[in-house]
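Chemist: sequence and predicted model, in that order:
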Amino acid sequence: MPKPKRVVRIALAGNANVGKSTFFNQITGASQHVGNWPGKTVEKVEGFVKFGPYEIYVLDLPGIYSLSAYSEEEVVAREYIAVEKPDVILNIVDASALERNLYLTLQLLELEVPLVVGLNMVDVAAKKGFRIDVDKLSRVLGVPVVPMVAVSGRGVSEVLSKAVAVALGSEKVKPLKVTYGKEVEEAVERITRLLLAKLPSLCKTYPARWLAIKLLEEDEDVIDKVLKTPNGSEVLESAREIIRQLEKVHGESSQVVIASERYSLIGRIVEEVLKVEKRSLMTLSDRLDLLTTHRVWGYLILSAVVASVFTSVFVVGNLLSGLIEEWFSALITPLVPRNIGFVNGLVDGFIAGLVLVIPYVIPFYLLLFFLEDSGYLPRAAFLLDSLMHWVGLHGKAFIPLLLGYGCNVPACLGCRIMETAREKTILGFMITMIPCAARTIIILSLVGSYLGVHVALAIYALDLAVVFLVGRLANMAVAGKPIGLIMEMPPYRVPSLKVILVETYVRVKDFIFIAFPLLILGSGFVGALGDLGLSEALSNTLSPFLNFVLGLPGVTAIPLIFGILRKELTIAMLAEVAGTMDFSKVLTPRQMIVFSVFTVFYIPCIATIAAMFREYRLKKTVIISLANIAVATLVSILVNLALMSAGVV
């Protein structure tokens, strides 16, 4: 007898906000790993769970609405399903929005993969008066359909058990063959025969019928695969002729014809399995939805939420970071030899990491996942979409931008809430120029103290204008086109404390393992420069640039170098190098403003660079850092010239 399979690979697929990640967290707990797909900025979340005698590998695919090549997430998901061929696909479906969710289900059936449907949020559907005949839906689709409520854990074990049974072949399934109208079916059959005859190698990886349907939909990724295969050009030309004939008959594009026929089939399925027992009354979730998306009250509530997040991450984080730094410095610093800069740098980097993770990163993730799990985040994105669209982003990009005022590190990590690599890149350019708490210390210590709060506020206004201008330029320069905001508006729900804590733990653990070593080694490197006497040499090298280009004295060179380690060190090092805390003795009012402006924009601190490397890898991190230096130099030159023209000394 063959040895029973002990490892089962399950891939979770579903629309965004259907409870897929909640289900994943329920079964894996903290036994999960977060990374990126190879060569992509799309997040890859995987975990393991012990289920009876079986070790189950679970992969949480990105939230998608179809298997078309409209987004990076959709391409990543379908490539994994088609090429890696997991043992079973667990399609998580929102029972309260069955018709919309079945669109992806039909496409998974077309891909001819082992499938189980987890019918989630049946409690929400019941509150809306929806009664779904689960057995009939299972018979129609030809695959197991199991009702569940992922947030409470109800039905989760049953869904997992059914998925394992299908993966091992102990439960036989007869999946529905998705068929179209006469003309479409004839076109599909003709292209399928053509593919089997001309491109047999490609048909070994992807089902021939699925490839034919994708060619009819003029899927760019599939077209590219066909063209790269011998005889591909001939097949594509024949397929285009078939498409022209089909479009002539229907008077619509082939994509519209296919989508319409899918929705027609979905409509018949839903009519057969779903009954509305009563008209849904206005629920508390509906009332909150109307209130939080209102043209007046929505923005007031958003302002209150933003103020709360800002206060929690910025004010509380700032307070805790000071206490933690003071405690660790008092505990560790006396044990470190003072005359070895490299060792001091390593220790300072370790302390800086703790100062960032506990006060800033952890509260950021707790708040982010609370807002996400409650259902509020999509509403905030909706309200701010028009403003952020000017720079090619969506409304939810405002959240990381806001958090950048507290600390750029969690803000950079927050870029992953954007859907595409293009959006994440644009947001990365903008976030690193937001004045964080440490930069605020510099502005207030110099400009605020010596020139007045109104001048400090002017620098903030200038920074915001430059940030949006950089975003606009990045939108024009970065390849690709901005996509419209298509976001699920899930019902409001009580957040799951378990889900929030697990998500936070996994992300913080991931940050510690990747960013901490970079932060510590980077700090040690800066310290080693001092040991080797290179800090002073570098200072002498930079002095001409600072004097003649920015109008700053040479005394500012070393503080700017050490500012790369931690921005607040800029002021401390300036006082140390100048030998006084009275900065008016070494800097004129004009130089204070220019110095502050340059500090706000130039290369981020090492912790932020580590976070950028975590999100963007080396190439984009270098590009963004160089862009920061270029913008800092240009803006500082213009500010210096403007102040000189105005007679400011």
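Modeler: It's in. Numbers count the residues shown, from 1 in each chain.
Chemist: mind checking the SS state of residue 170?
Modeler: The three-state assignment at residue 170 reads coil, by DSSP: H, G, I helix; E, B strand; the rest coil.
Chemist: so what's residue 99 closest to, chain neighbours aside?
Modeler: Nearest-residue entry for residue 99: residue 270, 4.9 Å, with adjacent residues in sequence omitted and distances by C-beta to C-beta, 6 or more residues apart in numbering. Every C-beta, even on glycine, is put in place using the N, C-alpha and C of the backbone.
Chemist: residue 63 should be in a helix, yeah?
Modeler: No. Counting by three-state DSSP, residue 63 is not found in a helix; it is coil.
Chemist: that one touches residue 15, doesn't it?
Modeler: Yes. Residue 63 lies in contact with residue 15 (C-beta atoms under 8 Å); the separation is 6.1 Å.
Chemist: for residue 495, pull up the helix or strand it's in.
Modeler: Of the helices and strands defined by DSSP states H and E, none includes residue 495.
Chemist: that one - nearest residue in space that isn't next to it in sequence?
Modeler: On the basis of C-beta to C-beta, 6+ apart, the spatially nearest residue to residue 495 that is not a chain neighbour turns out to be residue 373, at 3.9 Å.
Chemist: which stretches in the stretch 351-500 of the chain count as helices?
Modeler: Ranges of helices in the stretch 351-500 of the chain, per DSSP state H, counting those that start in this stretch, are 362-374, 377-389, 398-403, 408-413, 421-431, 437-443, 449-451, 453-477, 497-531.
Chemist: is it possible to export the ones you listed to JSON lines including distance to residue 646 and mean pLDDT?
Modeler: Putting the helices of the stretch 351-500 of the chain into JSON lines (distance: least, C-beta to C-beta, whole Å; pLDDT from 0 to 100) gives the following:
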{"stretch": "helix 362-374", "distance to residue 646": "40", "mean pLDDT": "81"}
{"stretch": "helix 377-389", "distance to residue 646": "31", "mean pLDDT": "81"}
{"stretch": "helix 398-403", "distance to residue 646": "31", "mean pLDDT": "78"}
{"stretch": "helix 408-413", "distance to residue 646": "31", "mean pLDDT": "80"}
{"stretch": "helix 421-431", "distance to residue 646": "29", "mean pLDDT": "89"}
{"stretch": "helix 437-443", "distance to residue 646": "20", "mean pLDDT": "77"}
{"stretch": "helix 449-451", "distance to residue 646": "13", "mean pLDDT": "86"}
{"stretch": "helix 453-477", "distance to residue 646": "12", "mean pLDDT": "91"}
{"stretch": "helix 497-531", "distance to residue 646": "37", "mean pLDDT": "75"}
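Chemist: let me have those in JSON lines, extended by distance to residue 625 and mean neighbour count.
Modeler: What follows is the helices of the stretch 351-500 of the chain, written out as JSON lines (distance: least, C-beta to C-beta, whole Å; neighbours: other C-beta atoms under 10 Å):
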{"stretch": "helix 362-374", "distance to residue 625": "22", "mean neighbour count": "21"}
{"stretch": "helix 377-389", "distance to residue 625": "24", "mean neighbour count": "19"}
{"stretch": "helix 398-403", "distance to residue 625": "18", "mean neighbour count": "24"}
{"stretch": "helix 408-413", "distance to residue 625": "12", "mean neighbour count": "28"}
{"stretch": "helix 421-431", "distance to residue 625": "10", "mean neighbour count": "24"}
{"stretch": "helix 437-443", "distance to residue 625": "16", "mean neighbour count": "22"}
{"stretch": "helix 449-451", "distance to residue 625": "29", "mean neighbour count": "16"}
{"stretch": "helix 453-477", "distance to residue 625": "14", "mean neighbour count": "16"}
{"stretch": "helix 497-531", "distance to residue 625": "12", "mean neighbour count": "19"}
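Chemist: wait, which of those is closest to residue 246?
Modeler: Ranking these by distance to residue 246, with C-beta to C-beta as the measure, places helix 421-431 first at 32.5 Å.
Chemist: contacts for the closest one?
Modeler: Where contact means C-beta atoms under 8 Å, 6 or more residues apart in numbering, the residues beyond helix 421-431 that reach it are 40-42, 72, 391-394, 397, 400-401, 404, 408, 411-412, 415-416, 418, 467-468, 470-471, 474-475, 478-480, 482, 612, 615-616, 620, 624, 627.
Chemist: can you rerun that using 7 Å?
Modeler: 41, 72, 391-393, 397, 400-401, 404, 408, 411-412, 415, 418, 467, 470-471, 474-475, 478, 480, 612, 616, 620, 624, 627 (C-beta atoms under 7 Å, 6 or more residues apart in numbering).
Chemist: before we move on, what about stretch 296-311?
Modeler: Counting by C-beta under 7 Å, 6+ apart, the neighbours of stretch 296-311 from elsewhere in the structure are 291-292, 367, 380, 383, 402, 405-406.
Chemist: doesn't the residue nearest to residue 99 belong to a helix?
Modeler: Yes. Inclusion of residue 270 in a helix is indicated when three-state DSSP is applied.
Chemist: what's around residue 52, how many residues?
Modeler: Residue 52 has 9 neighbouring residues, counting by other C-beta atoms under 10 Å.
Chemist: so which bits of the top helix by length along the chain are buried?
Modeler: Counting by DSSP state H, the longest helix found in the chain is helix 606-645. Applying a neighbour-count criterion of 16 or more other C-beta atoms under 10 Å, one finds 606-616, 620-621, 624-625, 627-628, 631-633, 635-637, 639-640, 643 buried in helix 606-645.
Chemist: what do you get for stretch 105-118?
Modeler: For stretch 105-118, a neighbour-count test (16+ other C-beta under 10 Å) marks 105-111, 113-118 as buried.
Chemist: ditto for stretch 198-208
Modeler: When neighbours are counted by 16+ other C-beta under 10 Å, the buried residues of stretch 198-208 are found to be 198-199, 202-203, 206-208.
Chemist: which one of the contacts of stretch 296-311 is nearest to residue 594?
Modeler: Ranked by distance to residue 594 (C-beta to C-beta), these are led by residue 405 at 21.9 Å.
Chemist: ok, that closest one touching residue 433?
Modeler: No. Between residue 405 and residue 433 there is no contact, the gap being 11.5 Å when judged by C-beta atoms under 7 Å.
Chemist: who has more neighbours out of the two?
Modeler: Higher neighbour count among residue 405 and residue 433: residue 433, with 25 against 18, using other C-beta under 10 Å.
Chemist: please identify which helix or strand holds residue 46.
Modeler: When secondary structure is defined using DSSP H and E, the element that contains residue 46 is strand 43-51.
Chemist: just want the angle from the helix or strand just after that strand to strand 43-51.
Modeler: Per DSSP H and E, strand 43-51 leads on to strand 54-60 as the next helix or strand towards the C-terminus. Taking axes from the mean of the first three to the mean of the last three C-alpha atoms, to 10 degrees, one finds strand 54-60 and strand 43-51 inclined to each other by 160 degrees.
Chemist: avg pLDDT for strand 54-60?
Modeler: The average pLDDT within strand 54-60 is 91.
Chemist: where does residue 92 land in three-state SS?
Modeler: For residue 92, the reduced secondary structure class is strand; criterion used: three-state DSSP.
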